[in-house]
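In: with the sequence up front, the predicted model follows.
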Amino acid sequence: MPSTAEPRPSASDSRLSSDSLPTSSPVGNFRWFICTLLLIGVTKNYMDRQVLGVLKTTLQHDLGWNEIDYSNLVFAFQAAYAAGMVLVGGLIDRLGTRLGYALSMIFWSLASMAHAGCGSLLSFIVARSALGLGESGVFPASIKTVAEWFPQKERALATGIFNAGTNVGAILTPFIVPWITKEYGWRAAFIVTGALGFVWLILWLLFYRKPEEHPRLSKSELEYITANRPPPMPQVKWMKIIPHRQTWAFVLGKFTTDPIWWFLLFWIPDFLQRNHGLKLTQLGLPIMVIYVLADIGSVAGGWLSSFMIHRGKSVNLARKSAMLICALSVMPIVFAYRIENLWGAVLLIGLAAAAHQGFSANIFTLTSDLFPAQAVGSVVGFGGMAGAIGGMFMAKIVGYVLQWTGSYMVPFLIAGFAYIVSLAIIHALAPRLERAEIG
């Protein structure tokens with residue numbers, strides 16, 4: 001007959017390691033303050049790179065650029081970003097997150113401000129190249145910080161939160177930059193947005209340390225963060241990660257999907273002006289809607305896989321299920337160029353942006369699933385390089401297609417199918433998300 005006593009806990013229930021504790025347990029929440037610093041840093045990063053996209057029509061008018069000239073600026077940025085992702089990712093692994101991120105922020109903030117002194121296409125190319133080189137440090141540093149400060153089950157959520165800064169930056173820029181441009185000219189827009197980096201720098205240097213070295217971190221939260229962490233290993237050189245198929249799963253996944261985000265960032269303001277007749281000062285609200293949706297997607301995509309892991313699903317199933325949902329959600333963007341209603345087009349683009357960010361939160365988290373923390377910066381740098389190279393190709397495709405046809409059909413078609421292709425590649429190369437054995 002059934003027992004009336006309390007049920008005995010199952011084996012999984014009885015494992016009271018810190019890894020089984022919920023996020024809301026009283027271990028402390030200082031790690032989320034560190035995540036907030038990452039969010040602000042990424043916000044600043046995207047404000048700097050978004051300024052050019054918002055001012056595209058203005059600069060084309062004032063400086064006489066055509067579509068191919070503009071695509072060359074995007075190409076120069078991404079070429080430098082690609083090179084920097086390899087160099088800076090490895091440098092951050094060697095210097096450490098605190099110093100590496102600080103140096104990156106200083107360099108790209110100065111490069112952003114330097115745009116104000118440019119008057120020719122060549123000088124803009126030099127400034128954009130410097131900006132791309134400096135900005136290449138933001139994601140290797142941020143992902144490495146998450147690997148240092150969060151247990152595995154929280155990493156996708158933390159990544160989704162800081163990655164939402166890409167959308168916050170993209171929301172703020174279309175409101176701030178047109179106002180500054182109207183009142184003080186476009187050169188002032190580059191100076192103001194660039195200078196904000198030094199405010200963040202003060203906060204970062206004041207508050208960031210490794211968990212083991214941080215005076216504000218409680219002992220219980222440190223134990224929660226470091227529980228079940230693999231033992232430390234010597235510094236990993238980036239050349240050692242190349243032979244592993246897990247590396248190529250991440251690299252090719254970034255190569256196929258990052259170009260779509262670059263396309264949205266650098267060309268959607270132009271699409272709205274060209275196809276729907278918006279003026280510079282009218283861009284703010286539609287772009288805000290797109291990137292608010294992207295923010296929701298970033299956090300939701302990270303939360304979904306973390307939730308599934310909490311519910312006992314494998315990391316492999318959780319990550320790939322979340323990525324599949326995101327990949328399918330991007331597909332309707334193929335119709336965006338045909339929609340005459342402004343808000344219909346905005347919502348389709350916003351859905352794709354949300355799905356991209358959810359996909360991105362999970363693909364970034366794969367690096368800490370597949371590699372030890374000492375290799376994460378290098379892996380992210382290598383993948384970021386591949387994504388930027390893909391973005392270079394996308395920039396030239398969009399530039400020439402617009403110059404020749406004036407239609408956004410081809411770019412939106414590429415965007416619609418990129419993510420399902422990316423997921424298929426990832427699954428083929430890492431079918432079980434087994435951890436790479438770095439020698």
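Out: Good, I have the coordinates. Numbering: from 1, shown residues only.

In: residues contacting the most centrally placed residue in the chain?
Out: The residue lying closest to the centre of the chain (C-alpha atoms, centre = their mean) is residue 163, at 5.0 Å. Listed by C-beta atoms under 8 Å, 6 or more residues apart in numbering, the contact set of residue 163 reads 42, 298, 302, 357, 360, 361, 364. C-betas here are computed from N, CA, C, even on glycine.

In: which stretch of helix or strand covers the nearest residue to it once chain neighbours are set aside?
Out: Among residues not flanking residue 163 along the chain, residue 298 sits closest, at 4.9 Å (C-beta to C-beta, 6 or more residues apart in numbering). Per DSSP states H and E, residue 298 falls inside helix 284-310.

In: tell me the angle the helix or strand following that helix makes with helix 284-310.
Out: Next along the chain after helix 284-310, taking DSSP H and E as the criterion, comes helix 315-330. Angle of helix 315-330 versus helix 284-310, following axes from the mean of the first three to the mean of the last three C-alpha atoms, to 10 degrees, is 150 degrees.

In: around residue 426, how many other residues sit close by?
Out: 24 (other C-beta atoms under 10 Å).

In: actually residue 404, not the one I typed
Out: Using other C-beta under 10 Å: residue 404 sits among 10 other residues.

In: next up, the contacts around residue 100.
Out: 88, 91, 92, 94, 137, 140, 141, 377.

In: most neighbours among the contacts of residue 163, which one?
Out: residue 361 (33 neighbours).

In: buried ones in the helix or strand where that residue lies, by neighbour count?
Out: Assessed by DSSP H and E, residue 361 sits inside helix 342-370. Of the residues in helix 342-370, 345-370 count as buried by neighbour count, 16 or more other C-beta atoms under 10 Å.

In: determine how far stretch 375-390 lies from the middle of the whole chain.
Out: 12 Å (C-alpha atoms, centre = their mean, to the nearest Å).

In: and for stretch 128-148?
Out: On C-alpha atoms, centre = their mean, the centre of stretch 128-148 falls 10 Å from the chain's centre.

In: what's the answer for stretch 421-430, then?
Out: 19 Å.

In: still on that earlier bit, the helix holding residue 361: how far from the chain's middle?
Out: With C-alpha atoms, centre = their mean, you get 10 Å for helix 342-370.

In: what do you get for stretch 354-374?
Out: 10 Å.

In: same deal with stretch 165-184?
Out: With C-alpha atoms, centre = their mean, you get 19 Å for stretch 165-184.

In: now it: average pLDDT?
Out: Averaged over stretch 165-184, pLDDT sits at 88.

In: tell me which residues in that stretch are buried?
Out: Result for stretch 165-184 [16+ other C-beta under 10 Å]: buried residues 165-178, 180-181.

In: ok, now stretch 397-404?
Out: 397, 398, 399, 401, 402.

In: can you pull out the low-pLDDT segments for the protein?
Out: 1-27, 89, 229-235, 237-238, 439 (pLDDT under 70).

In: same for the helix holding residue 361, what does it pack against?
Out: helix 138-149, helix 152-163, helix 165-184, helix 245-276, helix 284-310, helix 315-330, helix 373-405, helix 409-429 (3 or more C-beta pairs under 8 Å, 6 or more residues apart in numbering; DSSP states H and E).

In: what's the most buried one of those?
Out: helix 138-149 (a mean of 28; mean count of other C-beta atoms under 10 Å).

In: ok, and what's touching that helix?
Out: 31, 34-35, 38, 41-42, 45, 85, 88-89, 92-93, 97, 100-101, 104, 155, 158-159, 162, 208, 210-211, 225, 364-365, 367-368, 373, 376-378, 380-381, 384.

In: and the contacts of residue 163, which two are the farthest apart?
Out: Using C-beta to C-beta, these span at most 13.6 Å, a distance reached by 42 and 302.

In: list just the nearest of the buried residues of stretch 397-404 to residue 314.
Out: Using C-beta to C-beta, the buried residues of stretch 397-404 come closest to residue 314 at residue 397, 37.7 Å.

In: so how far is residue 60 from the closest one?
Out: 19 Å (C-beta to C-beta, to the nearest Å).

In: neighbours around residue 241, how many?
Out: Using other C-beta under 10 Å: residue 241 sits among 24 other residues.

In: brain fart, residue 406
Out: 10.

In: ok, and the closest non-adjacent residue to it?
Out: residue 274 (7.9 Å).

In: what of residue 92?
Out: Using C-beta to C-beta, 6+ apart, the closest residue to residue 92 is residue 100 (3.5 Å).

In: for the one you found, helix, strand, or coil?
Out: With DSSP: H, G, I helix; E, B strand; the rest coil as the basis, the three-state label of residue 100 is helix.

In: what's the spacing between it and residue 384?
Out: 14 Å.

In: repeat for residue 60
Out: 28 Å.

In: what of residue 145?
Out: In terms of C-beta to C-beta, residue 145 sits 15 Å off from residue 384.

In: with residue 217 instead?
Out: According to C-beta to C-beta, residue 217 and residue 384 sit 29 Å apart.

In: repeat that for residue 29.
Out: From residue 29 to residue 384 the distance is 29 Å (C-beta to C-beta).

In: again with residue 109
Out: From residue 109 to residue 384 the distance is 19 Å (C-beta to C-beta).

In: try residue 357
Out: Applying C-beta to C-beta to residue 357 and residue 384 gives a distance of 16 Å.

In: do residue 428 as well
Out: 21 Å.

In: list the buried residues for stretch 70-89?
Out: For stretch 70-89, by 16+ other C-beta under 10 Å, it's 70-86, 88-89.

In: if anything else comes up later, I'll come back, but that's it for now.
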